[in-house]
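1. the following block contains a protein sequence and its predicted model.
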Amino acid sequence: MDGHLGAAFFDRPTRRVARELLGAVFRTRGPGGVRAVRLVEVEAYVARDPANHAFGGPTRRNRSMFGPPGTLYVYRIHRVVCANVVTRRGEAVLLRAGAPLLPADARPSGPGRLARALGIEFADDGRRIGDGRWEIERDGPGVPTARIVAAPRVGISRATDRPLRFAVAGDPWVSRPRPPVT
DNA sequence: GAAAAGATTACCT
DNA sequence: GGTAATCTTTTCC
C-alpha cells in the first residue's frame, strides 16, 4: 500500500491506522513552503475512551473529530497546538513526533513541536486530506511490528494503562518520556 | 459570570 | 524530577 494515502486509509480501525502511520511521510504546504517529517510516534484515541476529547459526544471544541475520515483535528493546550487525524467517527490519531526531512523543520519531537515544525495552526482545524494543504505518503513497507513499541499514552489522567502510544523502537526523535526499548 | 482542568513545554534544582 | 507559564474550553452556580 505505497503512495499517497486517502480517506479510505483512515476509514479503518484506529489502532491499525496508528501503527501503519509510523514511517509514513507527513507533508504540509503552507505560507512557509513545503515541510515534511517521517512519523516515528503517534497515539490512538478510540471509542469509549475516557481520555479521548470526543468522549461524551460532540462539543464546539471537538467537532472536527466527528468529521469524515482524514479530517485534521487541531486543539490548543496551554500555549501550544497539537494535530490529530480523524479515523472513524469520534476517533483519531495524535501525531506526536517525527524525524525531520527538510532543513527548515525545527525539532519535531513532541506533539506541540511537531505541529509547529509542520506549520500547522489552529486555523487548520477541520481541514481534510486531499485539500492540498497536507498529505501523507508511504514510500516503503512501513515499520515492521517487531520494531514498534506500544506504551501507555503521555500526559493523560484517565485510561492511563491502555497501551495506545506507538513508537519506532529506539528512534532518537521519539519524545520524552521515552518508552522502554525492550 | 466564575472556576477548574488540560492529549505541553521549558527551565529550575 | 519538579514546577511555572498561560489561556481556551468546559462546566458549574
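-> Yep, it's here.

2. so where's chain A shaky on pLDDT?
-> Residues of chain A that meet the criterion pLDDT under 70 lie in A:1, A:103-105, A:182.

3. and the helix or strand encompassing A:Arg27, how far from the chain's centre?
-> In the assignment (DSSP states H and E), A:Arg27 maps to strand A:25-30. Distance, stretch centre to chain centre, for strand A:25-30: 13 Å (C-alpha atoms, centre = their mean, to the nearest Å).

4. note down every partner strand of the helix or strand following it and its orientation.
-> Later in the chain than strand A:25-30, the nearest helix or strand by DSSP H and E is strand A:33-45. Paired neighbours of strand A:33-45 in the sheet (DSSP bridges): strand A:25-30 (antiparallel), strand A:92-100 (antiparallel), strand A:165-168 (antiparallel).

5. quick one, which of those strands is nearest to DNA strand C?
-> For DNA strand C, the closest of the strands paired with strand A:33-45 is strand A:92-100, at 14.6 Å, according to C-beta to the nearest atom of the strand. No exception for glycine: its C-beta is placed from N, CA and C like everyone else's.

6. is the closest one in proximity to DNA strand B?
-> Yes. Strand A:92-100 is in contact with DNA strand B by C-beta under 7 Å from any atom of the strand, via A:Ala92, A:Leu94.

7. that strand vs DNA strand C: in contact?
-> No. For strand A:92-100, no contact with DNA strand C is found by C-beta under 7 Å from any atom of the strand; the gap never falls below 14.6 Å.

8. quick one: the nearest residue to A:Ala151 once chain neighbours are set aside from DNA strand C, how far?
-> Closest residue in space to A:Ala151, ignoring its immediate chain neighbours: A:Pro179 at 3.7 Å, by C-beta to C-beta, 6 or more residues apart in numbering. For A:Pro179, the distance to DNA strand C equals 14 Å [C-beta to the nearest atom of the strand, to the nearest Å].

9. what about A:Pro179, how many neighbours?
-> The tally of other residues near A:Pro179 (other C-beta atoms under 10 Å) stands at 20.

10. tell me which residues of the strand holding A:Arg27 come out buried.
-> Within strand A:25-30, the residues scored as buried using 16 or more other C-beta atoms under 10 Å are A:Val25, A:Phe26, A:Arg27, A:Thr28.

11. mind listing the helices for chain A?
-> Using DSSP state H, the helices found in chain A span residues A:7-10, A:14-21, A:111-117.
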